[in-house]
Structure formats: structure tokens, C-alpha cells
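In: Sequence and predicted model, in that order:
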Amino acid sequence: MWAMGRMVGADSRRAGQRRITSVILLAMTDRPPVADWATDFDHTHADYAASAPEIWEDLRERCPVAHTDRFGGCWFPVDHDDVSQIAKDTQHFTSESIIVSDHKPQGLRPKGFAPPITSDPPFHADARRILLPAFAPKAVDRWRDDTRSICHELIDDLLASGDDPVDAAIGYTRHIPVRVIAKMLGLPESDGDKFREFIRRILEEPGQNPVTDPEETLFFYLSQAVASHRAEPKDDLIGFLLEQELGGAPLTDDHIGGTIGLILIAGIDTTWSALGASLWHLAQTPEHRQQLVDEPDLMPVAVEEFLRYYAPVSMARIVAEDVEVGDVLMKAGDWTLLPFPAANRDPKAFENPHDVILDREHNRHLAFGLGIHRCVGSNLARMEMNVALEVWMERIPDFELDTSQTVRWSTGQVRGPRELPLHLLRSS
Ligand code: HEM
């Protein structure tokens, strides 16, 4: 398998120029091997997780809109213009489902099961408006001190463990968004493992291993959370949603459950992945660690570059009406992925797209999407990333990747390192 572990900048570019077939990739899952990424891609395959950036560059040269018959037929455009065209076009594309799987939903338009991300216009605007106040810059700032305390507490534990290497994915990045979101929603922070398991099933194995016990489902967990908040009203985000109205009527339990599920899933795996990728990069790039130590005020700009280069999220649409994208005709009923991470490395949109430039000046990246579904939680994600990286660099300014282990990147539509073995060279 092509190890992602050490590939940055020029190495990754060179690798991208090679033709990628499953012949040279070692399959790590029981998904059927991919014959050719241009005609048979599978983003849920471990080989994709391991080598996605090289696959995007290969496809950019050969397609640039790839296709697979898997999942009942799905497109995969890699160019910035094509991805933008689809994200902005709510007439030819529906958000009825945004996770590609073997099962295509039907009859859920315009609301979908997780409003607003699965909603289409005009319903979408109302469902989105309800959420905006909770994620406005001032509202998010209320959680800054809590986030900082969580980060310090986690680093205290990492250092106290005396382990070498430490696993920063297990001990740091995966806890921060879970604990912040749990606080916002008014759910127990100790349910973190449950949340991560729901997310793993939904994003990494979409539709592949259905849970048989209904009480083990996210749906059941959310129904219980809504019921307990109804029985005992609380001043938190679930309490806030319970008080909201749409079209003159209170939100239904279905709507509230769907939105909380969305916030849990959209808010955890995404930030965890972006943070992990940023530390993974810094662990292999001493000059960038030094740059952030010398110029701590650079962090917000550096975070934008990490978001561009390591954008974790690809979303999906279902084609609602036949439409041309690039040089292909997408037919009603097809899936299409929106790989924002691939668009972020398009040389037609960014200068030197394969270099991580911490003080990059022009950086209108698509990590948070674009169009009507642009990320509602971007202020929160940015705050968490800035605080988590600031605290890490204050406490552990020097560290490096343990290259004796392979770093596994998550499969599916949210991509980030799930293990991060680091040697801590200087810490306090
Ligand atoms: C680095 C972290 C994050 C990234 C990269 C990210 C990325 C994205 C992207 C690409 C979309 C567009 C989806 C589409 O076009 O279908 C989106 C939508 C959304 N995100 Fe995020 N997200 C992040 C963090 C968060 C957080 C922390 C929250 C909230 C807790 C959140 C909540 C949402 C919601 C509610 C939507 C749906 C917006 C709508 O449909 O109008 N996200 N996100």
C-alpha cells in the first residue's frame, strides 16, 4: 500500500502522476478491489483512505469526472469549477441524502432526515435560519474558555501517562469536538464513545453493517435525549430547539432529532479529522513548527491553510434532473460526490496547490463547502482548531511522527488520521 505517512508536497505530487490501480494497492477491507479509480472508484475502500490525494491528481489528469457503478452509480468530479457548479445548483441536484450508500432514500424531499443538510429549497432556508444564532461568532466565543480547559486537561493526561509515543488522535484530537458539542447540546460528555461509534457506522460503513438492536441506534439515543429534555427543560441547544417554531408550529420531534444527529455527526468527525491532519503535518514539518513558535499570531491564517490542504469533508448529492457537468451527462437518480478536498488542490484555482504555505495570502478554500449548504458550524470549527493547536504548540512545541507505525486514515466521506503516534521532544 502507498503509505500516506510521510507524503507531503513534492512527494505527493510525484506520486499523483503515476497511474493508480488496485494492482499496486493492498486492500485492507473486504470491499471488492478497485479495478481503476476512473471507472470503478470506491471512497469507502481502505485504499482510498490511504491514498486519496494521489488518486485525485491521477483523476484530474485522466478524467476529470470519474464514475463508478458501485452504490447504484456515482460520479466523482475533482475540479474546483465542477464541484462549485454542483454545490451551487439546487435545481439539478437534491440534498435528499448527502452520504453515498447502496440505499438511495426516496420521498424525503424537501426536508430530508437531518435538516437543514438534507433539505432542499425553499424548506432549507427556514431550517437553517433556526440554527444560525447558536453558531454565530459571539455565541461560539462563549465556549472558547471551556475548549481551552479541555485541551489543557487532555495534555496534562497525555504528559502524565509517560507514554512514548503518545497517540494524539486517541488522547487529544478525538475528544475536543465531542466534549464541546456535548456541552452545547446538554448531553453527557461521557457519551463520547457512543457518539464516535454512531459516526463510524454512518460515515465509514454507510449502509454496510446495519445494527440489529434498535436500542443501539443513533435514532434511539436521540429520541431519548429529546424526551428527557421535554420532561425536564434545560438551557442548552436541545432546549433551544424545543422552543423553535417553523411555519407557525413547534418543530416536530423528528426534525429536532434529525438536526441534533446532524450536529453530532457534522460537528465531531469533521473537526477531529482536520485537527488530526494538522498535527500529522506539523509532526513531519519542523520548519512549520518553528514558524508557529516564532509567530504564534500566524495561527488563524495557518488554520485556513490546514483546512484547505487537509479539508476532511466530501459531501454528496443525488441528481434531480439530467445535467452536464464537465464533459459528462449526469442522469436523474445518479449519486454524485462533492470532493471539496480535491477541489482545494486544483492548480486552476490555487497557486502551488500542492505546497502547504502557512501564511498563504489568497485562500478561498472550499473546506466548508459553498452555496446554500455552506457549513453552519464553521465559526465553531475554526475556534476549536485555533484553540486546540495554540494550546498544543504552547505545551508541546516540538514533536515528531513515530514512523515505525502506519497511520490509518478514515474511509468514507470524512477523512482524517485515526491514529497519530507522536514522540514528544519538548513539553511542559
Ligand atoms: C473542520 C470542521 C468542519 C468541516 C470541514 C465542515 C464541512 C462542512 C461542509 C463541506 C458542509 C457542506 C455540506 C453540503 O454542501 O452538503 C457542511 C455543512 C454543515 N456543517 Fe460543517 N464542517 C465542519 C464542522 C462543523 C461543526 C463543528 C458543526 C456544528 C456543530 C457543523 C455543522 C454543519 C451543518 C449544520 C451543516 C449544514 C448546513 C446546511 O445544510 O445549510 N460543521 N460542513
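Out: Happy to help now that I have it.
In: where do the strands sit along the stretch 101-250 of the chain?
Out: 166-167, 245-246, 249-250 (DSSP state E, counting those that start in this stretch).
In: Need those strands in CSV (columns: mean pLDDT).
Out: Shown next, in CSV, are these (pLDDT from 0 to 100):
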stretch, mean pLDDT
strand 166-167, 97
strand 245-246, 94
strand 249-250, 95
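In: from those strands, which stretch is densest packed?
Out: Highest mean neighbour count of the strands of the stretch 101-250 of the chain: strand 166-167, a mean of 22 (counted as mean count of other C-beta atoms under 10 Å). For the C-beta atoms, the positions are set from N, CA and C on the backbone; glycine is no exception.
In: quick one: strands adjacent to that strand?
Out: strand 421-426 (antiparallel) (DSSP bridges).
In: For the strand it pairs with, give me every contacting residue.
Out: The contact list for strand 421-426, computed with C-beta atoms under 8 Å, 6 or more residues apart in numbering, reads 158-159, 164-168, 279, 283, 396-402, 405, 407.
In: Can you flag the buried ones in these?
Out: 158-159, 165-168, 279, 283, 396-402, 407 (16 or more other C-beta atoms under 10 Å).
In: ok, of those residues, which one's closest to L132?
Out: L279 (30.4 Å; C-beta to C-beta).
In: Name the SS class of that closest one, please.
Out: helix (DSSP: H, G, I helix; E, B strand; the rest coil).
In: How about it: what's its closest non-neighbour residue?
Out: Nearest residue to L279, sequence neighbours excluded (C-beta to C-beta, 6 or more residues apart in numbering): A168, at 5.5 Å.
In: I'd say the one you found and L420 touch.
Out: Yes: A168 is in contact with L420 according to C-beta atoms under 8 Å; the separation is 4.2 Å.
In: Give me the common contacts of the two.
Out: Common neighbours of A168 and L420 (C-beta under 8 Å, 6+ apart) are G276, L279.
In: which stretch of helix or strand covers the residue in the stretch 151-300 of the chain that the ligand sits nearest to?
Out: Scanning the stretch 151-300 of the chain for the residue nearest the ligand gives G267, at 2.7 Å (criterion: C-beta to the nearest ligand atom). Taking DSSP states H and E as the definition, one finds G267 inside helix 253-283.
In: Now that helix: average pLDDT?
Out: The pLDDT scores in helix 253-283 average 94.
In: Buried residues in it, which are they?
Out: 255-283.
In: quick one: the residue nearest the centre of the chain from A66, how far?
Out: Geometric centre of the chain, nearest residue: T270, 3.1 Å, by C-alpha atoms, centre = their mean. Distance of T270 to A66, given as C-beta to C-beta, to the nearest Å: 24 Å.
In: Ok, M393 next?
Out: Distance from M393 to A66, by C-beta to C-beta: 38 Å.
In: With R142 instead?
Out: 43 Å.
In: So which of these two has more stuff around it?
Out: Neighbour comparison, R142 and A66: the larger count goes to A66, with 25 against 9 (by other C-beta atoms under 10 Å).
In: Is the more buried one bridged to anything, and to what?
Out: Here A66, judged by DSSP bridges, has bridge partners F76.
In: ok, now which ones touch it?
Out: Counted by C-beta under 8 Å, 6+ apart, A66 has contacts W37, A38, T39, F41, L59, W75, F76, P77, V78.
In: again, 10 Å this time
Out: Taking C-beta atoms under 10 Å, 6 or more residues apart in numbering as the contact definition, A66 lies against 36-41, 55-56, 58-60, 74-78, 328, 337, 339.
In: hmm, which of those are the buried ones?
Out: Buried among the contacts of A66 (16+ other C-beta under 10 Å): 36-38, 40-41, 55-56, 58-60, 74-78, 328, 337, 339.
In: so where's the stretch 101-250 of the chain shaky on pLDDT?
Out: Applying pLDDT under 70 to the stretch 101-250 of the chain flags the ranges 205-209.
In: Quick one: name the residues of it near the ligand.
Out: Proximity of the stretch 101-250 of the chain to the ligand, by C-beta under 6 Å from any ligand atom, involves residues P116, I117, R128, L131, I181.
In: Next one: the residue nearest to the last one when sequence neighbours are not counted from A283, what distance?
Out: Nearest non-adjacent residue to I181, counting by C-beta to C-beta, 6+ apart: G267, 4.6 Å away. Noted for G267: a distance of 25 Å to A283, by C-beta to C-beta.
In: Any idea which residue of this structure lies closest to the ligand?
Out: G377 (2.0 Å).
In: which residues touch L389?
Out: By C-beta under 10 Å, 6+ apart, the neighbours of L389 are C151, L275, S278, L279, L282, L292, M299, P300, A302, V303, F306.
In: repeat for L237
Out: Taking C-beta under 10 Å, 6+ apart as the test, what L237 contacts is 131, 134-135, 139, 181, 183-187, 229, 259-260, 263.
In: The same query, at a cut-off of 6 Å, please.
Out: Applying C-beta atoms under 6 Å, 6 or more residues apart in numbering to L237 gives the contacts A134, M184, L185.
In: Tell me how many other residues crowd the first one.
Out: Just to be clear, that refers to A134. 18.
In: and the gap between the closest residue to it other than its chain neighbours and A168?
Out: Closest residue to A134 apart from its sequence neighbours, by C-beta to C-beta, 6+ apart: L237 at 5.6 Å. From L237 across to A168, the span is 28 Å (C-beta to C-beta).
In: Kindly state the beta-bridge partners for W335.
Out: Under the criterion used (DSSP bridges), W335 bridges to C74, I318.
In: how close does it sit to D327?
Out: 19 Å.
In: Repeat that for V387.
Out: 44 Å.
In: before we move on, the earlier item: do I have it right that the residue nearest to I181 meets A182?
Out: No: with contact defined as C-beta atoms under 6 Å, G267 and A182 do not form a contacting pair (9.9 Å).
In: Near the ligand, which residues of the stretch 251-400 of the chain are found?
Out: 262-263, 266-267, 270-271, 274, 311-313, 315, 340, 367-369, 373, 375-377, 380-381.
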